[in-house]
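Q: pasting the sequence and the predicted model now:
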Amino acid sequence: MACHLDNKIAFVTGAAHGLGRGLSEILLQNGAKVALVDLDESAGQSLKEDFDKEYGPDKTLFLSCNVESESQLKDAFQKTMDTFGRLDIVCNNAGIINEACWEKTISINLNAVVRGTYIALEHMSKLTGGHGGVIINTASMAGLGPLPSTPVYTATKHAVIGFTRAMAAASTLSGYGVRFNALCPGFIQTDLISALESTEKCGQFSHLCGVTKSLMEKYGMLEVSEVSKNLLPLVTDETKNGEALLVMTTGSHCARFLSPEEI
């Protein structure tokens, strides 16, 4: 595979599992060095060991971090800068589904995206001595239409798309030199999907889990690799700014950029 991202430094939250792991790997496959950021220290260290064998020990850095903590997140960004010397790509990917703990869902899925973006800009913005770059926020198909069993999760993903598009416009007008795009996958075959079938995680909306199951059957399930490969055009194509890329499977895998009218 051609290395489109040689000498680029990436920072991925929620990197130890699921889509975060897939995003980290596609970045590594294309030549980037990656700071693997996750609260799960055991899984994160294990992942780094796997990546060390495949890509070399100097290609990754594991950082244990709770994205709800501003101090921990600032420290993770600073350690990335201290280790690699620059920052080019940020994937605000950490997320949960938990309607019973809806305030925590908002904290991780939305507040941490905003927090991660603002801290990243301190290092990336050309106005503060950075080299520019791109920030990718993980949204969801649920950010484009309702998922009845998870209204708060749905709200956070709508907000992530709105925040991403507004930041793209703000960056252009302000001269940050940083692009912003949102990745909007359908249902992905990860541990997170089990939350959609959990009466505990769906809380007062658990009686609607059957509706979600029907939607899964209608739209199908994506493999992590099918989604993560779509990170590349968002990162490498410098004409892409303020884009929402919908990744779905409708019999066959497809991805398309959404027009403003569709969001």
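A: Sure thing, it's come through. Numbering: from 1, shown residues only.

Q: quick one, strands of this structure?
A: Assigned by DSSP state E, the strands in the chain fall at 9-13, 33-38, 60-64, 89-92, 133-138, 178-185, 243-250, 252-257.

Q: residues touching T154, list them.
A: If a contact means CB atoms under 8 Å, 6 or more residues apart in numbering, then T154 has A142, G143, P146, L147 as its contacts. (Each C-beta comes from the backbone N, C-alpha and C, glycine too.)

Q: mind redoing it with 10 Å?
A: By CB atoms under 10 Å, 6 or more residues apart in numbering, the residues touching T154 are E99, S140, M141, A142, G143, L144, G145, P146, L147, P148.

Q: return the distance of the residue lying farthest from the centre of the chain relative to E99.
A: Of all residues in the chain, H207 sits farthest from the chain's C-alpha centroid, using CA atoms, centre = their mean; the distance is 28.9 Å. As judged by CB to CB, to the nearest Å, H207 and E99 stand 12 Å apart.

Q: on that earlier part again, now, the contacts of T154 that are in helices?
A: Secondary structure from DSSP state H places none of these in helices.

Q: and those, which are buried?
A: In terms of neighbour count (16 or more other CB atoms under 10 Å), the buried residues within the contacts of T154 are E99, S140, M141, A142, G143, L144, L147.

Q: V37: which of the residues you listed is nearest?
A: S140 (19.9 Å; CB to CB).

Q: where does pLDDT dip in the stretch 151-263 of the chain?
A: For the stretch 151-263 of the chain, the stretches flagged by pLDDT under 70 are 250-254, 257-263.

Q: ok so, going back, need the strands of the chain in JSON lines (columns: mean neighbour count).
A: Output for the strands of the chain, formatted as JSON lines (neighbours: other CB atoms under 10 Å):
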{"stretch": "strand 9-13", "mean neighbour count": "29"}
{"stretch": "strand 33-38", "mean neighbour count": "28"}
{"stretch": "strand 60-64", "mean neighbour count": "21"}
{"stretch": "strand 89-92", "mean neighbour count": "28"}
{"stretch": "strand 133-138", "mean neighbour count": "26"}
{"stretch": "strand 178-185", "mean neighbour count": "26"}
{"stretch": "strand 243-250", "mean neighbour count": "20"}
{"stretch": "strand 252-257", "mean neighbour count": "13"}
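
Q: now the ones you listed in JSON lines, with distance to T154?
A: Shown next, in JSON lines, are the strands of the chain (distance: least, CB to CB, whole Å):
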{"stretch": "strand 9-13", "distance to T154": "21"}
{"stretch": "strand 33-38", "distance to T154": "24"}
{"stretch": "strand 60-64", "distance to T154": "30"}
{"stretch": "strand 89-92", "distance to T154": "18"}
{"stretch": "strand 133-138", "distance to T154": "14"}
{"stretch": "strand 178-185", "distance to T154": "12"}
{"stretch": "strand 243-250", "distance to T154": "15"}
{"stretch": "strand 252-257", "distance to T154": "21"}
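
Q: out of those, which gets nearest to S171?
A: Across the strands of the chain, S171 has its closest neighbour in strand 178-185 (5.1 Å, CB to CB).
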